[in-house]
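1. Coordinates for the following, if possible.
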Amino acid sequence: MEAIRISCAGYPTKRPFLEFVHRFGILSPEVLKGSTDEVAVCKKLLEKVGLEGYQIGKTKVFLRAGQMAELDARRTEVLGRSASIIQRKIRSYMAKKNFTLLRRSAIFIQSVCRGELTRCIYERTRREASCLKIQKYLRMYLARKAYKELRLSAVSIQTGMRGMTARNELRFRQQTQAAILIQSYCRGYLARSKYIELKKAALTTQCAWRGRVARLELRKMKMAARETGALQAAKNKLEKQVEELTWRLQLEKRMRADLEETKTRENTKLQTALEELQLQFKESKVTMLKEIEAAKVAAAEQQIPVVQEIPVIDHEMMDKVTAENEKLKAVVSSLETKIDETEKKYEETNKLSEERLKQAVEAESVIIKLKTNINRLEEKISDMESENKILRQQSLLTASKLLSENASPLPTKILENGYHASEVTTVNDILLQTPTKVYETPDSKPRRPPTDRHHEDVDTFLECVIKDVGFSQGKPVAAFTIYKCLLHWKSFECERTSVFDRLIQMIGSAIENQDSNNDHMAYWLSNTSTLLFLLEKSLKPAGTAGATPVRKAQPPTSLFGRMTMGFRSPSSTSLAAAAAAIEKVRQVEAKYPALLFKQQLNAYVEKIYGIIRDNLKKDLGAILALCIQAPRTSKGSVLRSGRSFGKDSQTNHWMAIIDCLNSLLSTLTENFVPPFLVQKIFTQTFSYVNVQLFNSLLLRRECCTFSNGEYVKSGLAELELWCCQAKEEYSGSAWDELKHIRQAVGFLVIHQKYRISYDEIINDLCPILSVQQLYRICTLYWDDNYNTRSVSTEVISNMRVLMTEDSNTAVSNSFLLDDNSSIPFSMDELSSSLRVKDFFDVKPATDLLQNPAFEFLHD
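-> Take a look at the predicted model:
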């Protein structure tokens, strides 16, 4: 308590530093600037005020008695001075406001008075002018009235005279026209009756003659059908004989190879035996020489009589060897005689097979000629039927016009396609009785294994191909495997086969419900386009001109021809034929199922191409709406923070477009889609970008500004950089598709547009844009950065004149662009973009190579 009393007696007032600075900082505000230490601020503040005897503690300021009151008094003085300044400012503002109000009211009253005076003067002058005009019009009215009365009287007299002469002339013309009409109807009736009689007679004679000609042609067709059936049977017999001969040749060749193998084996055995005998003889000779030398040495030492040398010969072994040699010589001679006999038989069979092949080729040509003749006869019959139908319809029309309304109409069941029903049924019966072999072609007989085995092979083939078997040498393995199998099975030459339908179903099921998966679609686009190219290069329609010489130039496709080509020794001609076969894809005469399969495959290529293109357009559609208008950034935030994020946000939408393009390009290149199709996809996509951006620019006024032009120009620069990086092989002419938006944006970012003339805009700046589009851009433009003007009024007036002229000449007034979503390529363009030699190193599917039924894939 004593300490408290002493402290109260010495420093009764104490305040924390923050509270002290907050309360008395107004006494010297310059102390608060640039300092953050509260203790130093309190010391400076008390020194500035001039107080003495205070104390500074750790957290508080201690003041003596009366010092707080002195500080409060000085604070109230400062606050009072500031309040008087504020009151002075407010009073001056109120006085200035009353003065301006009084001045505006005085000016308004003066303007009203002056206006009233001018209105009175104007009213007076207007009345004077109206009086003069009324007098003028009254005098003019009186003069016109007198003139009209005179003119009406003269006109009435003239009309009466002219009407009388015209009525007389009209009466004469009516009489002559009635007489001419009566004469024409009479002559027409007589001529029509004669024409109908002649026409009926001509129709009856024509029908009889055409029926006779048709019956004769039907007889000829039946005879030709019988001949073609006999030729087909003879051809089948020849083919069977050729197969038997080839089978015999194979057996003889195998026997010949076995004999040669046995001969070589026996020769090797005899050679080894001779070598062993020679070795033994040499060893025995060496030992004998050694013994003789040893005996000579011993005899010389002991002086023993020398024994003469007696040659020892094994006559039994020599006899055996000679006998075996004679046997081998006899076997070799017999084998040589057999080989000579087989070669002679082979030559004879080869000659027979060549003769029979010539006969088969001649039979094929005869069958083809007969088939063409049959087609021509069918066309002639159809033409005759159509002519008869037209003639009968014309006769019925003319007869119905002449017949009266009460006459009963002819029954429609009597005539069918210009013939009577009985005649049609007889013709159809005759056509149905013709043998079906007439429509068979010489190549329609497929040389296949049994049907069950073939179906199993097709099932395994489809199970392998429907998987993702990858690529080889940059080419799809599945397409190459399909092509090789179809060629080996001769499916292209068959009149009826289910392989093509199953392949189409397989492709359809593979791409079903996979529209959003671009990777899967790109894989099948690569396979279908490659297979279509191979079919386009190898298939030719049946019966085309020059089919026979092409078939002779190619290696033989018959069974005997292939076997003989395999048996013959390699020569220069065979090597040349092999080189020619490597250089070109083997052409095949395609029947209707193969041609239909090619059309369906072309439709699938176009469908998959459209799906990939539309997926890319769908991804870009949402981003393009954000790319036409620059993002707005508040100026205050930029000034406060000292940095701007505009640069990053301006390009992020365009970078999203670049990412979409890069992802699709990588997908297409990974699946080895032909660069021609990649070019077309990106060209149509850039055309779509051009249409969307240009139409948005023309329809939205907020987009047609200087800042938006700079923003779109920066994005277009990113697209140009992407086209350069993607190379011309894939981008193609995609950058040229953006010509409308490029020229429009280039016009938006030009400074001092009011100095540009109309000719410079059309010829130099925007030659692609139409007058309507230029007028729309010039009228919608406004500069949000520099507040500059658009083009001059003279240019705009010239544009209006040209637009009115275009509207008068019936030119379309639409200034918007349309997106072209059609397929921009044909089958010929796709086939010309690829090369045959790129497929020589392609390997088929590895799963099928292990299957013995697909050994032909190794070739």
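2. From start to finish, how long is stretch 461-480 in a straight line?
-> Length of stretch 461-480, first residue to last, C-alpha to C-alpha, to the nearest Å: 12 Å.
3. How about stretch 696-709?
-> Per C-alpha to C-alpha, stretch 696-709 runs 12 Å from first to last residue.
4. starting at the chain centroid, how far to it?
-> Distance, stretch centre to chain centre, for stretch 696-709: 32 Å (C-alpha atoms, centre = their mean, to the nearest Å).
5. before we move on, what about stretch 194-203?
-> Centroid displacement of stretch 194-203 relative to its chain, using C-alpha atoms, centre = their mean, is 61 Å.
6. Find the least confident helix or strand in this structure, judged by mean pLDDT.
-> helix 635-641 (a mean of 33; mean pLDDT, DSSP states H and E).
7. where's Phe62, which helix or strand?
-> strand 60-63 (DSSP states H and E).
8. I meant Leu693, not that one.
-> helix 675-699.
9. do the same with Lys540
-> strand 539-541.
10. quick one, strands of the stretch 1-150 of the chain?
-> Assigned by DSSP state E, counting those that start in this stretch, the stretch 1-150 of the chain shows strands spanning 13-16, 55-56, 60-63.
11. For Lys727, find the nearest of the ones you listed.
-> Proximity to Lys727, assessed across those by C-beta to C-beta, is greatest for strand 13-16 (75.4 Å). Where C-beta positions appear, they are placed from N, C-alpha and C, glycine not excepted.
12. which strands and helices sit next to that closest one?
-> strand 60-63 (3 or more C-beta pairs under 8 Å, 6 or more residues apart in numbering; DSSP states H and E).
13. which strands and helices sit next to the strand it packs on?
-> Strand 60-63 sits against strand 13-16, helix 17-24, strand 55-56, with contacts defined as 3+ C-beta pairs under 8 Å, 6+ apart.
14. for Gln514, helix, strand, or coil?
-> Here Gln514 is recorded as coil under DSSP: H, G, I helix; E, B strand; the rest coil.
15. For the protein, which residue occupies the most central location?
-> With distances taken as C-alpha atoms, centre = their mean, Tyr609 lies nearest the centre of the chain, 4.3 Å away.
16. Please report the distance of that residue from Ala106.
-> Using C-beta to C-beta, to the nearest Å, Tyr609 is found at 81 Å from Ala106.
17. again, but for Gln158
-> The gap separating Gln158 from Ala106 is 76 Å, by C-beta to C-beta.
18. Also Trp209?
-> 118 Å.
19. Can you show me the strands along the stretch 301-450 of the chain?
-> Using DSSP E, counting those that start in this stretch, strands in the stretch 301-450 of the chain cover 415-416, 419-420.
20. What of the stretch 551-700 of the chain?
-> So, for the stretch 551-700 of the chain - with DSSP E, counting those that start in this stretch - the strands run 588-590.
21. Please state the offset of the top helix by length along the chain from the chain centre?
-> Taking DSSP state H as the criterion, the chain has its longest helix at helix 67-302. Relative to its chain's centre, helix 67-302 lies at 14 Å (C-alpha atoms, centre = their mean).
22. for it, packing partners?
-> The contact analysis (3+ C-beta pairs under 8 Å, 6+ apart) places helix 67-302 against helix 17-24, helix 315-402, helix 421-433, helix 559-567.
23. The first one versus helix 67-302: what angle between them?
-> It stands for helix 17-24. 130 degrees (axes from the mean of the first three to the mean of the last three C-alpha atoms, to 10 degrees).
24. Could you pull out the buried residues of helix 17-24?
-> Residues of helix 17-24 classed as buried: Phe17, Phe20, Val21, Phe24 (neighbour count, 16 or more other C-beta atoms under 10 Å).
25. nearest to Val712, of the residues you listed?
-> Among the buried residues of helix 17-24, and counting by C-beta to C-beta, the member closest to Val712 is Val21, at 56.3 Å.
26. measure the closest one to Leu534 for me?
-> Distance from Val21 to Leu534, by C-beta to C-beta: 92 Å.
27. And the contacts of stretch 124-139?
-> Here stretch 124-139 makes contact (C-beta atoms under 8 Å, 6 or more residues apart in numbering) with no residue beyond itself.
28. For that stretch, list the C-alpha coordinates in PDB.
-> Written as PDB, here are the backbone C-alpha positions of stretch 124-139 (Å, rounded to 0.1, in the frame of the first residue of the first chain):
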ATOM      1  CA  ARG A 124     -45.100  36.400 -89.000                       C
ATOM      2  CA  THR A 125     -42.800  35.600 -92.000                       C
ATOM      3  CA  ARG A 126     -44.400  32.200 -92.400                       C
ATOM      4  CA  ARG A 127     -47.900  33.700 -92.600                       C
ATOM      5  CA  GLU A 128     -46.800  36.000 -95.400                       C
ATOM      6  CA  ALA A 129     -45.200  33.200 -97.400                       C
ATOM      7  CA  SER A 130     -48.400  31.100 -96.900                       C
ATOM      8  CA  CYS A 131     -50.600  33.900 -98.300                       C
ATOM      9  CA  LEU A 132     -48.400  34.200-101.400                       C
ATOM     10  CA  LYS A 133     -48.500  30.400-102.000                       C
ATOM     11  CA  ILE A 134     -52.300  30.200-101.600                       C
ATOM     12  CA  GLN A 135     -52.800  32.900-104.200                       C
ATOM     13  CA  LYS A 136     -50.400  31.100-106.600                       C
ATOM     14  CA  TYR A 137     -52.100  27.700-106.200                       C
ATOM     15  CA  LEU A 138     -55.600  29.200-106.600                       C
ATOM     16  CA  ARG A 139     -54.700  30.800-109.900                       C
END
